[in-house]
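In: Quick one: sequence plus predicted model below, questions after.
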Amino acid sequence: MGAGAIVGAGGLRGSTGATGSTVGVNLFALRSHNTALVLDLLRTAGARGISRLELADRTGLTPQAVSKITARLREDGLAAEAGRRASTGGKPRTVLRLVPEAGHAAGVHLDRDELRTVLVDLTGTVVGERRAPLDLGAGADAVLTAVARETEALVTDALGTAVNGSLAVAGSLLGLGVALPGPLDHIRGVLHRVTGFPEWDGFPLRDALARRVGVPVVVDKDTNAAALGLAVGGEGGSFAYLHLGTGLGAGLVIGGSVHRGARTGAGEFGHQVIQLDGPVCGCGNRGCVEVLCLGAVARGEPTEAARVLGEAAANLVGLLDIDLVLLGGRTVAADPSPFVRGVAAVLDARARREGGREGVVPVRVASGGVRGVAEGAAQLLLAPLFGRGDG
């Protein structure tokens, strides 16, 4: 299985044991390139819809191929007629639209002290949300129980489906995307030594959770999930999403795709050492950006925290030559102005020294707010259905 492989209780994607629903099975079975092209155009067309002729023109597929794909999508309840549109000569064309409520994905953000879950439809629109306290150090069984409990309550409230211990009964639910602090193995869904929680090292979170909830699960770092959600939501080019909350990390999008690295190690931004004899970090090193930045936050010095963050961001910009820096996470959301100003000031000063103002990389707050990671986690399941292979 490649990156982003989704495993449910019964095995590989599309397994009836994993989803227990015709819609879920069909959605994963439809993850072909051509179908993804059509689904993505249906999604972007919105309620106005799009004709089969337009679909053929914009995908490069033959009209016959488009007719077969759209017939299957309509049969599975994923597409429906959206009326008729006048054409230049001949009879009016039937236009089709995506049916957003035909599928849902749950996004789970496991933070060190909080559990946030969202339920989104096929367009990514949030239709339900829950938040609960969490102790990530309470042990695997307690954490898995909390995820199952909160997700079951979310689905019951949002979809009106009595879950009764297994999410597989919620017919439109594709599965769970879970995002949490790294490092971890995205391909296998296995955790490594989460900073501050070494007991998670080697735990097979994806498979254990899939067995518990009865639907497919995919796992990724919180920063990667948030970056994916931003890219799917319209952020183009190459950018870095810097997440400052209970920890500090980065999600990298290069050329429109999330960059995870060969071992999902990319984006361990918080553990670059910038002060050789600095304070000891939770990772065991001294003078990491994370310990310096969080220390300044704890002392009530956001300007100093922003300066530290800016120096690290400038290193990243210089290394990768990215177009944009986006800031997110609870700490930033609570008081964004000093962080935007502080990081931008460091980048501006660095650019002036190295080549003038035309080289300044813009800095702004990421869209999505505090639930951006959870929404991005849901996109780990949705994005590949619409041709985003980096889900």
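Out: That came through, no problem.

In: which residue ranges form the strands in the stretch 251-391 of the chain?
Out: Secondary structure of the stretch 251-391 of the chain by DSSP state E, counting those that start in this stretch: the strands cover 257-258, 324-328, 363-365.

In: To clarify, my last question referred to the stretch 1-150 of the chain.
Out: 50-51, 79-85, 93-98, 104-110, 114-121, 126-133.

In: can you tell which of the strands of the stretch 251-391 of the chain is closest to A146?
Out: Ranking those by proximity to A146 (CB to CB) places strand 324-328 first, at 23.4 Å. Any C-beta I mention is one placed from the backbone N, CA and C, and that applies to glycine too.

In: got any ranges where the chain has weak pLDDT?
Out: Along the chain, the parts satisfying pLDDT under 70 run over 1-31, 87-90, 356-359, 389-391.

In: again, only using 80
Out: For the chain, the stretches flagged by pLDDT under 80 are 1-31, 86-91, 161-166, 168-171, 263-264, 354-359, 389-391.

In: What segments of it are helices?
Out: Remark: helices assigned in the chain by DSSP state H are 16-19, 22-29, 33-45, 52-59, 63-75, 140-159, 205-213, 222-232, 289-298, 302-320, 330-334, 336-354, 372-382.

In: related to what we said a few turns ago, make TSV from the strands of the stretch 1-150 of the chain and add mean neighbour count and distance to G237 to it.
Out: What follows is the strands of the stretch 1-150 of the chain, written out as TSV (neighbours: other CB atoms under 10 Å; distance: least, CB to CB, whole Å):
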stretch	mean neighbour count	distance to G237
strand 50-51	22	26
strand 79-85	15	31
strand 93-98	21	26
strand 104-110	28	24
strand 114-121	24	24
strand 126-133	15	25
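
In: Output those in a markdown table; the columns should cover distance to G270.
Out: Formatted as a markdown table, the strands of the stretch 1-150 of the chain follow (distance: least, CB to CB, whole Å):
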| stretch | distance to G270 |
| --- | --- |
| strand 50-51 | 43 |
| strand 79-85 | 43 |
| strand 93-98 | 38 |
| strand 104-110 | 17 |
| strand 114-121 | 18 |
| strand 126-133 | 23 |
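
In: before we move on, the earlier item: to L110, which of the strands of the stretch 251-391 of the chain lies closest?
Out: Closest among these, using CB to CB: strand 324-328, at 16.3 Å.

In: if we can go back for a sec, generate TSV for the helices of the chain, with mean neighbour count and distance to L119 as supplementary columns.
Out: Output for the helices of the chain, formatted as TSV (neighbours: other CB under 10 Å; distance: least, CB to CB, whole Å):
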stretch	mean neighbour count	distance to L119
helix 16-19	20	16
helix 22-29	20	14
helix 33-45	19	17
helix 52-59	17	29
helix 63-75	16	22
helix 140-159	18	5
helix 205-213	21	13
helix 222-232	29	14
helix 289-298	21	31
helix 302-320	20	32
helix 330-334	19	21
helix 336-354	17	27
helix 372-382	30	8
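
In: can you tell me which of these comes nearest to P198?
Out: Between the helices of the chain, helix 140-159 lies closest to P198; by CB to CB that is 13.2 Å.

In: Remind me what the closest one packs against, helices and strands.
Out: strand 104-110, strand 114-121, strand 126-133, strand 173-180, helix 205-213 (3 or more CB pairs under 8 Å, 6 or more residues apart in numbering; DSSP states H and E).

In: got the CA positions of the last one in CSV?
Out: Same thing as helix 205-213. Extracted C-alpha coordinates of helix 205-213, given in CSV (Å, rounded to 0.1, in the frame of the first residue of the first chain):
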residue,chain,number,x,y,z
LEU,A,205,-2.8,3.9,15.9
ARG,A,206,-4.5,3.5,12.5
ASP,A,207,-5.2,-0.3,12.8
ALA,A,208,-6.1,-0.2,16.5
LEU,A,209,-8.6,2.6,16.0
ALA,A,210,-10.1,1.1,12.8
ARG,A,211,-10.8,-2.1,14.8
ARG,A,212,-12.4,-0.1,17.5
VAL,A,213,-14.7,2.1,15.3
